[in-house]
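>>> Below: sequence and its predicted model.
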Amino acid sequence: MPRQGVYDLLVVAGATALVAWLLPWGLMLSPGAPTGGDTPSHYAAFIFLRQHILPLGRPWGWDPGSLAGYPAFQFYFPLPFLVISLISLAAHPAVAFKLVSLLPALALPLCVYLCARGLGLKFPGPALAASLALSFLLREEGGIWGGSIDSALMGQFCQSWGIGLALLYLGSLPRWLEQGRGLGISALLLWLTGLCHPYALLFCLAAGLYYPLSLRPWRLAARRLFLLYALGFLLWGHWLLPMLAYAPYTEKFNFIWAVESWRQFFPPTLLPVMLLAGLGAPLALAGSDPGDKGRAGLLGFWLVCTLLLYLASPFMNTVTVRFLPFAYLALVLLAAQALARLARPLAAPGALALMVLVAGGLWPGLALEHTSLWLNWNNSGTEHKPLWPEFQELNQFLAGDYGQPRVVYEHSPLHQGAGSVRALESLPLWSGRATLESAYLQASPSAPFIFYLQSETAQRGSMPLPGYVFSRLDLPRGLARMRLFNVGQYVAVDGATQELADHQPGLVLQRRIGPYAVYRLSENQDRYAVTPRFWPVLVQTRRPQELAYLWFRFTSLEVPLVFVERIGPEDRARFPQRRLDSGRQDDPLLAELRQDLLPRLPLAAPQPQGEEIANERIHVRGARPGMPLWLKVSYHPAWRSLGGERLYRATPAFMLLFPEKARATLAFGWAWPHRLGLALTLLGLAGLLAWRLWPGLAAGLAGTGQPQAGRPRLWWAAWGLLGLGLAAGLWTWHDDASTLLAKGRALAQAGRLEQARQVFREGLRRFPSGLVSDYTRFDLALTYHQEGQHAQAVELLEGLRQDFPDSILLPETLYYLAVCRRALGQAWAARLPALELVQRFGASPWCQRALEEGLAEGPGRQPE
Amino acid sequence: MRLPRKALLRAGCGLGLLLTLAGPAAAGGLEMELACQTRELAGSGRGLEVTVRNRGQETASSLQAVPMYPPGAAPSPTLASLAGGQSASLGLSWGQAETRPGRHCAVLRLDLRDQQQMPLSALGYVCQELGPDGASPLDVQAPPVELAGQGRLTASLRNQGAEPVSLTLRALVPRELAAWPPLRELTLAPGQTRQLSWRLENLSGQVGGRYPLLLLSGLDLSGRRLERVDEVMVTLAPLPNPFRAHLGWWLAALLGLAAWLGGAQWRARRK
């Protein structure tokens, strides 16, 4: 081995060994169930995949254990889970999971090294890059952004896998695009990256555009890039096509991550890397070395791609900060190039590489505060957590199967005592019973309704979906929604909630187990297939989820809505009540829903005799032919009735059918997107084979020759301007409801009330029914109140009270309504909201304040 | 993942019918002190009265005394909250009263939550003499432990009596800690000393917290049951940063490499 190779090996092995040194191998090799962050949900999903889905011969299936049922691994990334399954053939499943979730951390130095080599960085550049990557890996800031050890421990190990594979792919690109060799490996890497994380894939796709921009002739580079993308997408078809086809049945998760200060973008552990990159890049661009110049341009392009993807995130339904790891890795490579340039005149560049390894490990290592703690916490296992005895007893008490009614629990930080706030999301794993919440909330159209229910049954809900407004704690209302979801038991953990539940009619305390109190819902039907009490109303609409959410928030839930895109003759015969939704915000249907005025035509049909629920099968016995049957399972087009009956999408996001016989059977399985997707993958594999077997064909398609770098500065200036314009445009629109609310509040605090109002109004115009709509309207009203414009404030507060009666802000709203009305001299009108405040929210501090200010009179202080 | 907040638990021990046992001292943001006392219940039942004092500043909630030894008793009712500086009593029934002569101990764990709803716990115990006074022939010495993540607890047991003894030794820990093995059985000849060790693990204890870990030994001697409880104070330390812990080596490596680099450069220049 040449001497340089020895140094490379030493440095990469040293960086890997340093990461390995930090890992708690004893705990990782112990069979305790991994926990921490999202990990319990991922572990439960892996066990389900291993035990129930893979035996079916496919990597996707239906998981009835969460979210009222959802298509598992159709919207999440299967490759790491398949690797875990493979390793679990030889190791304990928990050990396999822990190893695979931390494997990207061990492999990152090697991936960065190979990427740098692929990009043409000369010795000792790749080794330096591998060492500097430790600063990226060991940073404790911005764990949610991805790529670090902390990120993997939070449950984002699929993203870590995606980043590692993306680096390998990006390193392989020049060989194919510039030399016309290695299409197969690049396409395979692109495929595998796509199977790990879409953020990594999106970045890969964007970064590849650099080559047609920078190479001449551009057509040759573009043709090769197109060929690569086409092959990559064909290979990815088995996952991509069902994902795209079923995207309308998923939920958006596109919030802008709150970054409090620009300093957060500059983690201290990465500052030396940034400094080196900042000094080295201009020198390389201005220098005479074409290799350095080209790489500086390419890595600069990576930074631009990150910026544009960050700004475009809200429009792509992605989370902004998850693209940042690629910017940091670009800086790592730029810094390595700058150091390699410094090393050129040195007599012993290998010694410098080793020095950078030591310094590159020591610098971020000295700043480590909690990573070791987290590593121990996650890997020691759920069984070693302080609440394990009670958690285990709870699961033993609840033990059953998916045929039994679901179990709902109160969302609370207390669950951290069992390993993670998400510990009870793994109820299906530990107890065999179905629950509702899951980390895979994007995968089911039932998610908004489930998290609304969560907000009604917890002291403080998690409110994870930015497109929806959620409720305050309201157990009586929550009970109705629990019954709708066939919830048979409710687990409360907070003392205050338990006190409410103890006195709540409809809830019967079954058992207290440590901090958990299990209640039975006394009037639940305990059925997944029911005949609705009233005839469903058929709605022709293109916004089923929006209407369903209004139905869920405002109606008594007894008259289901059924959604179709077009009402046909058969539908007219089946549904005596129909509505055509215009899609406008003043459509009468919306008022009908808000006021719970849906027609109630009694449906005098008996309930089905029974049902059998299997993972991908639902059998209903004793159904009344021709009468609607409401199935409390998430709607998905891959479900079909074996009797040939049409499956409708019904509120909230359930299925409804008109059985033709007394026995109805539904099955989930292969549908056209799965078959077509698989065919595309097979076609892609055949294409790869043909590429290897017929070099002539390959040469014909890929072209011959080697495109060369060398675009004039004017060319880059033009593209730079275009990029800047695009970034500026995106920046203008780069806001969501939360950022607009934050901006408005900042303006209001600075006393610039008119400007604040403009921002609040923009927020309400662009996001009329989002997560913070009630907050925005409330803050807008307060700006008027602050200026003494009480009439405007009252108008807004009354609107808020009417449109968001479930809001957590209702007590405050009532208080300010009373204050503003009194200021307007409407003493009697002021007493009404104050009285409501006292009667409904007696325990609220706003009630206390109203009493102290003489807005209302006692007795008050009754719990809501 | 939520990081532990700094807090200390003070756990005390109790006052038996005839025995007074001094409690260990501890301090911190949340500070619970337990005093336990046995009481006779109606019939032949045995009860325990736990007086809990919250010496901290923040309010503790959901307080419940959970029997750990002997097994079989039911937890106490839950006390909703206990503000700083206040005391409260929790009573629990402990089944049938002991009838065998000797010295009997009971250990309980107080479960509670802090203001962030995180579960915390503290241990308390009480010993009671039945019949003629008789001390255990065992001498147990266990130094305090500073625990950073994982560690070992060592104890020295000496049989000071004239007869060989067979005993069981239980390591009873608050829920934030784990000790392995939880139960040992061993025999000691007269005058024999044995060193024992347990693997300790901090599961969720907050850095800076101090917890008493209880070693409960029990043996039968001359028809009498002799139990005793020895406390070992465990102080929770932060996990050491492996880089800071070996900073000298790291700096030496850096210096060595720098010297190598400088030497090579110097030699190249001379050439």
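Noted; the coordinates are in hand. In this text the structure is predicted, and so the values were computed from the model without any measurement.
>>> Show me what from chain B comes close to chain A.
Residues of chain B lying close to chain A (CB under 8 Å from any CB of the partner chain) are B:1-3, B:61-62, B:78, B:80-81, B:111, B:113, B:116-119, B:121, B:149-150, B:175-176, B:178, B:201, B:203-204, B:239, B:241-244, B:247, B:250, B:253-254, B:257-258, B:260-261, B:264-265, B:267-268. The way it works is simple: take the backbone N, C-alpha and C, and place the C-beta from them, glycine included.
>>> Generate a ChimeraX selection restricted to the buried entries among those residues.
To isolate the buried subset of these in ChimeraX, counting by 16 or more other CB atoms under 10 Å in any protein chain shown, use the following:
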select /B:1,61,62,78,81,111,113,117,118,119,121,149,150,175,176,178,201,203,204,239,241,243,250,253,257,260,261,264
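>>> Which ones among the residues of chain B next to chain A lie within strands?
If you go by DSSP state E, the residues of chain B next to chain A have B:61-62, B:80-81, B:111, B:113, B:119, B:121, B:150, B:178, B:201 in strands.
>>> residue nearest the centroid of chain B?
Of all residues in chain B, the one closest to the mean position by CA atoms, centre = their mean is B:Leu213, 1.3 Å from it.
>>> just for the chain, where's the confidence low?
Picked chain A for this. Across chain A, residues meeting the criterion (pLDDT under 70) sit at A:1, A:858-864.
>>> Chain B was what I was after
B:1-30, B:40-45, B:116-117, B:133-134.
>>> what ranges do the helices span in it?
B:242-245, B:247-270 (DSSP state H).
>>> how far does the shortest one sit from the chain's center?
So the one you mean is helix B:242-245. Relative to the centre of its chain, helix B:242-245 is centred 28 Å away, using CA atoms, centre = their mean, to the nearest Å.
>>> ok, now stretch B:108-126?
That offset, for stretch B:108-126, works out to 12 Å (CA atoms, centre = their mean).
>>> Give me the distance between the two termini of that stretch.
End-to-end distance for stretch B:108-126, by CA to CA, to the nearest Å: 9 Å.
>>> now do stretch A:139-149
With CA to CA as the measure, stretch A:139-149 spans 8 Å from end to end.
>>> Just give the nearest non-adjacent residue to the closest residue to chain B within the stretch 451-600 of chain A, would you?
Nearest to chain B, among the residues of the stretch 451-600 of chain A, is A:Gly495, at 5.3 Å (CB to the nearest CB). Leaving aside its sequence neighbours, A:Gly495 sits nearest to B:Ser62 (CB to CB, 6 or more residues apart in numbering or on different chains; 5.3 Å).
>>> Do I have it right that the one you found meets B:Arg113?
Yes. In this structure, B:Ser62 is within contact of B:Arg113 by CB atoms under 8 Å, at 4.9 Å.
>>> joint contacts of these two?
Contact with both B:Ser62 and B:Arg113 is made by residues A:495, A:515, according to CB atoms under 8 Å, 6 or more residues apart in numbering or on different chains.
>>> Pull out the buried residues from stretch A:804-811.
Going by neighbour count (16+ other CB under 10 Å), the buried part of stretch A:804-811 is A:804, A:806-811.
>>> ok, now stretch A:409-418?
For stretch A:409-418, by 16+ other CB under 10 Å, it's A:409-412, A:414-418.
>>> same check, this time on stretch A:48-55
Buried, per 16+ other CB under 10 Å, within stretch A:48-55: A:48-50, A:52-54.
>>> Out of those, which comes closest to A:Trp430?
Comparing the buried residues of stretch A:48-55 against A:Trp430 with CB to CB picks out A:Phe48 as the nearest, at 12.3 Å.
>>> so how far is chain B from the closest one?
23 Å (CB to the nearest CB, to the nearest Å).
>>> what's the closest non-adjacent residue to that residue?
In space, and not counting its chain neighbours, A:Phe48 is closest to A:Asp63: 5.5 Å by CB to CB, 6+ apart.
>>> who touches that neighbour in this structure?
Counting by CB under 8 Å, 6+ apart, A:Asp63 touches A:45, A:48, A:52-53, A:69-72, A:428, A:615.
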